[in-house]
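Chemist: Coordinates for the following, if possible.
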Amino acid sequence: LEHVLRLPVHFESMPHVTGYFNQAEQKVQLSAYLPLFYLNESCYKEGSVFLTNANDSLRLLAHITKQFDKEDVEFMLNTKARQNDVLSQLQWKTLHGNGTHGSGGARSTFSKDDEGNDQAFVRLYPSNIYVHDSVWQVSPSYFELKKGQYQIRDFKISHAGQFVSLNTRTDGLTSGKGLIAQIKDIDLGYVFDILNFHPVDFEGRASGEILTDDLAESKDVHARLTGRDFTFNTGSMGALQLKGKWDNDNKAILLDAKTQESDEDSTLIRGFVNVGENRIDLQFESMKTNLGFLNKYLGGIFSGLEGRTTGQLRLSGPLNAMNLEGREKLDYLTLSPRVLNTTYHITNDSVILSPGKIHFKNITLKDQHGNVGHINGDILHRVLHDFRFDVAIDADNLLVYDWNDRETDTFWGTVYGDGLCKLTGSTD
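Modeler: Got it, this is the predicted structure:
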């Protein structure tokens with residue numbers, strides 16, 4: 001059937017179609033059941049269509065379930081057409097878990113302009129969208145489609161001071177063919193959840209503008225955003241200022257951003273995420289940048305890692321095989337090796353990062369009592385996974401072991417060491 005239709009559709013189970021057309025009585029009725037099929041490699045199931053007419057109106061009822069990642073979403077469409085008017089009602093809901101559900105209604109009117117060209121006016125009625133425990137209101141809006149032109153007016157989704165709005169640009173730069181989306185306090189984490197993008201994790205609230213040029217000539221998208229409570233891999237980065245661009249030719253997101261928690265720190269982030277080639281290349285220029293983002297990668301070796309760093313860092317590679325490179329001066333660093341249950345402090349020393357390795361060279365560390373040691377060696381990894389450590393500590397009465405729970409620890413006690421201590425192992 002896919003060869004007959006000449007569409008990128010593949011039926012796992014054959015559809016069942018029945019119906020009739022009575023020309024004398026001007027009657028039509030069509031029923032179809034579509035158990036399971038793939039369209040453009042997307043999975044659809046439990047589809048049904050019922051089409052009938054009465055007098056001068058046509059009625060369409062349709063139902064389909066689409067698989068998004070691991071969730072099934074059910075769609076139901078109820079449409080009635082009479083002469084040049086079409087009334088439509090769409091409902092949807094996530095079938096598993098506390099996902100989204102909602103409904104929307106629209107009236108479309110079709111006509112011809114003075115030159116005989118087709119045109120359409122669409123009025124979107126107010127409705128509600130339920131996202132987890134939040135209710136988002138869809139405001140009434142208008143869409144106008146003509147030959148080579150379109151207009152969008154007053155489209156807006158809002159909730160408790162947050163909103164996304166969409167209008168046709170009126171700045172004269174795009175001949176009325178570009179779009180402008182304005183956002184306020186939108187949860188970035190939720191956006192990346194929808195996009196299923198988690199090679200790195202961004203959180204925070206974003207506000208600003210997203211603009212397109214003439215969509216007939218270019219599908220590039222530009223963004224000017226500010227953010228609050230911004231985090232990178234759960235590490236606090238403060239306020240965000242971002243200029244971004246979607247480069248449609250290369251299928252890449254271009255980023256030029258700055259984050260800042262206070263007057264004493266800043267982080268510049270420049271580079272791209274190429275979703276077409278599944279690659280990332282971000283350059284970080286840090287000045288007393290919060291090191292909390294490293295807990296995602298080093299949490300299996302250290303607990304309570306916190307500190308500030310200044311230097312240059314590059315995150316690059318395939319999205320599923322990224323690496324860190326650069327040289328960072330540790331303004332201060334506090335960390336607790338899980339295997340030792342001790343806490344160490346490092347101040348004004350540097351580490352070198354290269355693919356597969358974080359290198360320590362004669363780093364001075366102090367325990368919680370001020371005793372001193374020096375560390376040399378490496379933390380090794382396989383593209384930021386499977387972390388291992390191979391370090392040597394030259395200790396001077398340094399606290400090197402501090403487990404005191406006799407009931408749960410195989411080895412317990414408090415140990416201070418002098419001399420050279422070698423530590424090797426993995427996070428397993």
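Chemist: The nearest residue in space to Asp247 that is not next to it in sequence bridge partners, please.
Modeler: In this structure, Asp247 finds its nearest non-sequential neighbour in Leu254, 5.8 Å apart by CB to CB, 6 or more residues apart in numbering. Using the backbone N, CA and C atoms, a C-beta is placed for each residue, glycine as well. Beta-bridge pairing for Leu254 (DSSP bridges): Lys245, Phe272.
Chemist: For Leu254, give its distance to Gly244.
Modeler: Distance, Leu254 to Gly244, by CB to CB, to the nearest Å: 6 Å.
Chemist: The residue nearest to Asp247: how many residues sit nearby?
Modeler: A count of nearby residues for Leu254, using other CB atoms under 10 Å, gives 18.
Chemist: From Asp185, how far out is Gly161?
Modeler: 6 Å.
Chemist: which of the two has more neighbours?
Modeler: Higher neighbour count among Gly161 and Asp185: Asp185, with 15 against 7, using other CB under 10 Å.
Chemist: Now do the same contact list for the residue nearest to Asp247.
Modeler: Gly244, Lys245, Trp246, Asp247, Gly271, Phe272 (CB atoms under 8 Å, 6 or more residues apart in numbering).
Chemist: Narrow those to just the buried residues.
Modeler: Neighbour-count burial (16 or more other CB atoms under 10 Å) applied to the contacts of Leu254 gives Gly244, Lys245, Trp246, Gly271, Phe272.
Chemist: so which two of those residues are the farthest from each other?
Modeler: Pairwise distances across these (CB to CB) peak at 14.4 Å, for the pair Trp246 and Gly271.
Chemist: If you count contacts, what does the longest strand seen in the chain end up packed against?
Modeler: Secondary structure of the chain per DSSP state E: the longest strand is strand 385-403. Here strand 385-403 touches strand 357-367, strand 372-382, strand 413-426, going by 3 or more CB pairs under 8 Å, 6 or more residues apart in numbering; DSSP states H and E.
Chemist: contacting residues around stretch 355-362?
Modeler: 323-325, 350-353, 374-383, 391.
Chemist: buried subset of the residues you listed?
Modeler: For the contacts of stretch 355-362, buried by 16+ other CB under 10 Å: 323-325, 350-351, 353, 374-375, 377-381, 391.
Chemist: which one among the residues you listed gets closest to Lys219?
Modeler: Closest to Lys219, out of all of those and judged by CB to CB, is Asn323, at 31.1 Å.
Chemist: For stretch 285-295, buried residues please.
Modeler: Glu285, Ser286, Lys288, Thr289, Asn290, Leu291, Gly292, Phe293, Leu294, Asn295.
Chemist: Distance check, the fourth one against Phe360.
Modeler: Same thing as Thr289. Taking CB to CB, one finds Thr289 at 19 Å from Phe360.
Chemist: a markdown table please, covering the contacts of Leu254 and showing distance to Leu398 and pLDDT.
Modeler: Formatted as a markdown table, these follow (distance: CB to CB, whole Å; pLDDT from 0 to 100):
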| residue | distance to Leu398 | pLDDT |
| --- | --- | --- |
| Gly244 | 47 | 92 |
| Lys245 | 51 | 92 |
| Trp246 | 52 | 89 |
| Asp247 | 52 | 90 |
| Gly271 | 40 | 95 |
| Phe272 | 44 | 95 |
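Chemist: of all these, which two lie farthest apart?
Modeler: Trp246 and Gly271, at 14.4 Å, using CB to CB across the contacts of Leu254.
Chemist: quick one: the helices in the stretch 201-350 of the chain?
Modeler: 295-298 (DSSP state H, counting those that start in this stretch).
Chemist: where exactly do the strands run in it?
Modeler: 202-212, 221-232, 235-247, 252-260, 266-274, 279-290, 302-318, 323-337, 344-354 (DSSP state E, counting those that start in this stretch).
Chemist: So for Gly425, which of those sits nearest?
Modeler: Here strand 323-337 is closest among the strands of the stretch 201-350 of the chain (CB to CB), at 10.0 Å.
Chemist: Which parts of the closest one count as buried, going by neighbours?
Modeler: Asn323, Leu324, Glu325, Gly326, Glu328, Leu330, Asp331, Leu333, Thr334, Leu335, Ser336, Pro337.
Chemist: CA atoms only: put it into CSV for me.
Modeler: Provided in CSV are the C-alpha atoms of strand 323-337 (Å, rounded to 0.1, in the frame of the first residue of the first chain):
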residue,chain,number,x,y,z
ASN,A,323,35.7,15.4,26.5
LEU,A,324,37.1,18.3,28.5
GLU,A,325,40.3,20.1,27.7
GLY,A,326,42.0,23.1,29.3
ARG,A,327,43.9,24.5,32.2
GLU,A,328,42.1,25.8,35.3
LYS,A,329,43.4,27.6,38.3
LEU,A,330,41.6,26.4,41.4
ASP,A,331,40.8,29.6,43.3
TYR,A,332,39.6,27.2,46.0
LEU,A,333,38.3,23.6,46.0
THR,A,334,36.8,21.5,48.7
LEU,A,335,36.3,17.8,48.1
SER,A,336,35.8,14.6,50.0
PRO,A,337,37.0,11.3,48.5
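Chemist: by how many degrees do it and strand 302-318 diverge?
Modeler: 170 degrees (axes from the mean of the first three to the mean of the last three CA atoms, to 10 degrees).
Chemist: Can you give the distance of strand 323-337 from its chain's centre?
Modeler: 27 Å (CA atoms, centre = their mean, to the nearest Å).
Chemist: Pairing partners for that strand, with directions?
Modeler: By DSSP bridges, strand 323-337 pairs with strand 302-318 (antiparallel), strand 344-354 (antiparallel).
Chemist: Just put those in TSV and tack on distance to Ser165 and mean pLDDT.
Modeler: Below are the strands paired with strand 323-337 laid out as TSV (distance: least, CB to CB, whole Å; pLDDT from 0 to 100):
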stretch	distance to Ser165	mean pLDDT
strand 302-318	33	93
strand 344-354	42	95
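Chemist: Next, format the ones you listed as CSV and append distance to Asn117.
Modeler: Listed next are those as CSV, based on distance: least, CB to CB, whole Å:
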stretch, distance to Asn117
strand 302-318, 48
strand 344-354, 61
